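Enquirer: fold the following.
(chains A and B)
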2 protein chains.
Amino acid sequence: MKYPLAIEKLVRLLQNLPGVGRRTAERYAFNFLLEWEGEELFELSGLLSEMQSTIKQCSICSALTDSAECVFCSDSLRRRDVLCIVSSPREVFSIENTKEYRGLYHVLGGLLSPLDGRGDEVLELHKLTARLASQEIKEIVLALDSTLEGDTTSLYLKQELEAYPVTVSRLAFGLPVGSSLEYVDGGTLARAFLGRATF
Amino acid sequence: MKYPLAIEKLVRLLQNLPGVGRRTAERYAFNFLLEWEGEELFELSGLLSEMQSTIKQCSICSALTDSAECVFCSDSLRRRDVLCIVSSPREVFSIENTKEYRGLYHVLGGLLSPLDGRGDEVLELHKLTARLASQEIKEIVLALDSTLEGDTTSLYLKQELEAYPVTVSRLAFGLPVGSSLEYVDGGTLARAFLGRATF
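Expert: From the prediction side, this is the model:
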């Protein structure tokens, strides 16, 4: 039994969302149809059609912004000599939420993944080197995933950055806060041991 | 750290979906923004803004339809003397998918719930009685939830329908197909016992 065409199309499209299969997509579609106010649907519809033109990547750091320069690059109170490198615009917000960092950001176009055919062109290194040439950066913090792709990219960037007079640091490895030793995997535990600090 | 306004609005709206909290809404919002093609977003946007005017409830049975009469009411091959009563338009599709039923449907406006102040006006009984007066219905199958609200509504309808020359039946209770006795609750097991049939 097929649904009316508009519902069927909606269900198919919603399945593009991460972690959403057929059943969840159906649930969402019927929720839109039967439970949402007309106004809410119009607002959502408007946001979706306009968002890719409203929200752009900052021309300097590639963070998401709704004006020409992002709130980070244009904030005169932030330290301008530290650069935190992340691989996706969303991670800027995650780091910002920790309230531990008050420097600038630099968003790469992705992570290296030789197996998937993603070489160093995804990193858009010319943008980074342009900043290093024009701004006085003293420290670069690599805040990349601790996965094969993230580690490969960190290593690659470390080598590329050796030509510049910057300190390159990397996020610490160790126990997640609130974790039981019992459930922490061996690799993490080993890194936590290696990185132990005087208490 | 607040997101740019358009993202924040989108995240808030998406939290209206069933089972979607702040984190899932953020995940969806960034997926729309960073992973979707512009075309897909426009299509979704169009469907959402138009769907409540494209998809209507059938004037006879209240099932969802994109034309004046639904595919069920207008299908001359279906039995016209059996009526299956459900509480929401979506359930029509669930029953239809079983391929066990080839009669007509009747969708109520909801289920009775005295605790939530939903009285018999939600059932829109005049629509049902109008059908009973004009069509020659021999059997009515109550296909309502086996919850407090569903049971209350089934009982109420049974009483209301006593005045009409129709057989009223109700979906069977018993073991869900594929279930282990170990995990079946006592109430279901009791009903399955009571309803046991010669094998």
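
Enquirer: pretty sure residue A:71 is in contact with residue A:65, am I right?
Expert: Yes. Between residue A:71 and residue A:65 there is a contact at 6.8 Å, judged by Cβ atoms under 8 Å. The way it works is simple: take the backbone N, C-alpha and C, and place the C-beta from them, glycine included.

Enquirer: show me which of these two is the more surrounded one.
Expert: The neighbour comparison of residue A:71 against residue A:65 (other Cβ atoms under 10 Å in any protein chain shown) goes to residue A:65, with 22 against 18.

Enquirer: need the contact list for the more buried one.
Expert: Shown in contact with residue A:65 (Cβ atoms under 8 Å, 6 or more residues apart in numbering or on different chains): A:55, A:56, A:57, A:58, A:71, B:4.

Enquirer: quick one: buried ones out of the residues you listed?
Expert: Among these, those that count as buried by neighbour count (16 or more other Cβ atoms under 10 Å in any protein chain shown) are A:55, A:58, A:71, B:4.

Enquirer: the longest helix along chain A close to chain B?
Expert: In chain A, taking DSSP state H as the definition, the longest helix is helix A:38-54. Yes. Using Cβ under 8 Å from any Cβ of the partner chain, helix A:38-54 comes into contact with chain B via A:38, A:40-52, A:54.

Enquirer: report the strands that pair with the helix or strand following that helix, each with its relative direction.
Expert: Sequence-wise, the next helix or strand beyond helix A:38-54 is strand A:56-57, with elements assigned using DSSP states H and E. Its sheet considered, strand A:56-57 pairs with strand A:64-65 (antiparallel) by DSSP bridges.

Enquirer: quick one: mean pLDDT for the helix or strand that comes right after the partner strand?
Expert: Per DSSP H and E, the first helix or strand lying C-terminal to strand A:64-65 is strand A:82-86. The pLDDT scores in strand A:82-86 average 94.

Enquirer: next one: stretch A:107-115
Expert: Per-residue scores along stretch A:107-115 average to 91.

Enquirer: repeat that for stretch A:19-31.
Expert: Rounded mean pLDDT across stretch A:19-31 is 95.

Enquirer: okay, now the spatially closest residue to residue A:54 that is not a sequence neighbour: neighbour count?
Expert: Once flanking residues are discounted, residue A:54 sits nearest to residue B:6: 4.8 Å by Cβ to Cβ, 6 or more residues apart in numbering or on different chains. Other residues lying near residue B:6 total 21 when counted by other Cβ under 10 Å.

Enquirer: the helix or strand containing residue B:6 packs against which elements?
Expert: Following DSSP H and E, one finds residue B:6 within helix B:5-14. On a contact count with 3 or more Cβ pairs under 8 Å, 6 or more residues apart in numbering or on different chains; DSSP states H and E, helix B:5-14 meets helix A:38-54, helix B:22-35.

Enquirer: in it, which residues are buried?
Expert: Within helix B:5-14, the residues scored as buried using 16+ other Cβ under 10 Å are B:6, B:7, B:9, B:10, B:11, B:13, B:14.
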